[in-house]
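# Sequence first, predicted coordinates after that:
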Amino acid sequence: MIPSQPCSLSNIRNFVSTAVEAMCSSRSCIATLLLSTLAPAASLRAVTRTPVLLRRPPITPPALHASAEGAILRCRDLKTSADVTLVGTMHYNPASIELARTAVLDAAERGSLTAVMIESCPTRWNRTLTEQPAGSLLRKIFDNEMQAAAEAGEEFGAELVLADQPIEDTGRRLGSLLSLTLVQLLTPWKGGWTAIADDFSAGLSELSAPDGIGVTDLLRADVLLSSPIALVRYPVAILARYPLLLGFFVGASAVSGYLGSGADGAAVDEATRLAMLDDGEYLREVAAAIGFAILETVVLGRVMLVGLIEERNFVLARNIRRACLGARRRRGAREVVVILGAAHLNGVQKLLTGSRIV
């Protein structure tokens, strides 16, 4: 029989303290058990679609940073607390294709895969599936990371989400940026040059992050060794889908060849032509070439950094967060794997972990 003790304030305080310590200790043990359960299985064959409650990740505050693993960034969305795996790729590169496929399979093996997102839009994706469906010859010739990831996710019932804005919107925006840049170059007294410089600064900042990936993460040996294949596949695939571009390049080459020939039709060597100029003409030629190169860099650089990187990063991050909201409503599976061009990784990661209003 337990002897009775007087119910004093001191005894109550001791009891509460002991109870809190016991709760913290048991909570720590449960967290350890959950983490050990989350360790990836040795073989993908062990994956099952049946939800397992013990595989649900422990509830922790959302991480405000990302962890980098080569060309992969793992982070937790600030607003939804869903896990996001950002996979940076070089388009059509065999090493990147394998990286994308492996990232999807690893998430499936962990039992956390909810959705696979790819940097594409309905227009581009439907055209890809129509022209090179799974199992076709063109699918093998123009093997790419988007289809590889989508097909891997489909095996495990993961939802496929297109993360990019319509290509039509991108085209219109690039055209307006090009016009705006030309106008602002000609009106520096109205702040045109300042606006261009500000856009360059903002665009370049999207390419880096304190805890993001660096150049060495992207230029791994396997990626570099496979890059010649990508450099052939990518332009050929684009020209095959858009024959008008092929006609443009052929026409431009013909015009360039004609302009580079002499009056009798014989090609004039550039070194010979420059040697025929006097000192004044030679300096003017060099100055004009340098000026044109600077102009080309400013115009195309601003258009690419703003229209293709910075603004699309916001679109990608917003669509990823929308997919994370869907993932939050599912029990057990709460990871979204996103396949992106490597230039988007750091900018998208910063938006997901640093902003609640994207």
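Yes, it's here.
# what's residue 348 in contact with, if anything?
86, 313, 316, 317, 320, 338, 340 (C-beta atoms under 8 Å, 6 or more residues apart in numbering). From N, CA and C alone the C-beta is placed, and that goes for glycine too.
# again, but for residue 170
307, 308, 312 are the contacts of residue 170 under C-beta under 8 Å, 6+ apart.
# how about CSV for the residues you listed, with distance to residue 222, neighbour count and secondary structure added?
Output for the contacts of residue 170, formatted as CSV (distance: C-beta to C-beta, whole Å; neighbours: other C-beta atoms under 10 Å; DSSP: H, G, I helix; E, B strand; the rest coil):
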residue, distance to residue 222, neighbour count, secondary structure
307, 31, 21, helix
308, 26, 18, helix
312, 27, 25, helix
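# and those as CSV, adding pLDDT and distance to residue 71?
What follows is the contacts of residue 170, written out as CSV (pLDDT from 0 to 100; distance: C-beta to C-beta, whole Å):
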residue, pLDDT, distance to residue 71
307, 94, 24
308, 94, 19
312, 97, 19
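# What count of nearby residues applies to residue 314?
By other C-beta atoms under 10 Å, the residues close to residue 314 number 16.
# Correct me if wrong: it contacts residue 351.
Yes - the criterion here is C-beta atoms under 8 Å, and residue 314 meets it with residue 351 at 6.7 Å.
# any residues in contact with both of those two?
Common neighbours of residue 314 and residue 351 (C-beta under 8 Å, 6+ apart) are residue 358.
# Show me where this protein has its strands.
Taking DSSP state E, the strands of the chain run over residues 66-69, 72-76, 83-89, 113-118, 159-162, 335-341.
# Give me the sheet partners of the second one and which way each runs.
If I follow you right, that is strand 72-76. strand 66-69 (antiparallel), strand 83-89 (antiparallel) (DSSP bridges).
# Least reliable of those strands by average pLDDT, please.
Lowest mean pLDDT within the strands paired with strand 72-76: strand 66-69, at a mean of 52.
# Can you list the low-confidence ranges for the stretch 51-200 of the chain?
51-70 (pLDDT under 70).
# repeat that with 50
51-66 (pLDDT under 50).
# Now do the helices in the chain.
Per DSSP state H, the chain carries helices over the ranges 9-37, 94-110, 122-131, 137-141, 145-154, 167-186, 192-205, 215-218, 221-241, 243-259, 270-275, 279-303, 311-328, 345-354.
# Show the average pLDDT along the longest one.
Averaged across helix 9-37, pLDDT comes to 40.
# Then stretch 287-301?
89.
# Sort out which residues of it are buried, please.
Neighbour-count burial for stretch 287-301 flags 298, 299, 301 (criterion: 16 or more other C-beta atoms under 10 Å).
# okay, that stretch in CSV with CA atoms only?
What follows is stretch 287-301, C-alpha atoms only, in CSV (Å, rounded to 0.1, in the frame of the first residue of the first chain):
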residue,chain,number,x,y,z
ALA,A,287,35.2,49.3,-83.0
ALA,A,288,32.0,48.5,-84.9
ALA,A,289,32.5,44.8,-84.2
ILE,A,290,33.1,45.4,-80.4
GLY,A,291,30.1,47.8,-80.3
PHE,A,292,27.8,45.2,-81.9
ALA,A,293,29.0,42.5,-79.6
ILE,A,294,28.3,44.6,-76.5
LEU,A,295,24.8,45.6,-77.9
GLU,A,296,24.0,42.0,-78.6
THR,A,297,25.1,40.9,-75.1
VAL,A,298,23.0,43.6,-73.4
VAL,A,299,19.9,43.0,-75.4
LEU,A,300,19.9,39.2,-75.4
GLY,A,301,21.3,39.0,-71.9
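# I figured residue 90 was touching residue 340, is that so?
No - using C-beta under 8 Å, residue 90 makes no contact with residue 340, being 11.2 Å away.
# The two: which is more packed in?
residue 340 (27 against 24).
# Quick check: the more buried one vs residue 217, distance?
With distances taken as C-beta to C-beta, to the nearest Å, residue 340 is found 14 Å from residue 217.
# Identify the contacts common to the two.
In contact with both residue 340 and residue 217: residue 88, using C-beta under 8 Å, 6+ apart.
# Quick check: closest non-adjacent residue to residue 166.
Sequence neighbours aside, residue 121 is the residue nearest to residue 166 in space, at 4.9 Å (criterion: C-beta to C-beta, 6 or more residues apart in numbering).
# What degree of burial does that neighbour show, as a neighbour count?
Residue 121, neighbours per other C-beta under 10 Å, totals 19.
# List the contacts of it.
162, 164, 165, 166, 167.
# Look up phi and psi at it.
phi -130, psi 170 (degrees, to the nearest 10).
# distance of it from residue 131?
16 Å.
# do residue 147 as well
11 Å.
# With residue 289 instead?
Counting by C-beta to C-beta, the gap from residue 289 to residue 131 is 40 Å.
# same deal with residue 223?
Relative to residue 131, and taking C-beta to C-beta, residue 223 is found at 26 Å.
# who's more crowded, those two?
residue 223 (22 against 14).
# Now do the same contact list for that one.
Residue 223 is in contact with 71, 90, 93, 95, 96, counting by C-beta under 8 Å, 6+ apart.
# The nearest residue to it once chain neighbours are set aside: what's it in contact with?
Excluding the flanking residues, the one nearest residue 223 by C-beta to C-beta, 6+ apart is residue 95, at 4.7 Å. For residue 95, the contact set (C-beta under 8 Å, 6+ apart) comprises 220, 222, 223, 225, 226.
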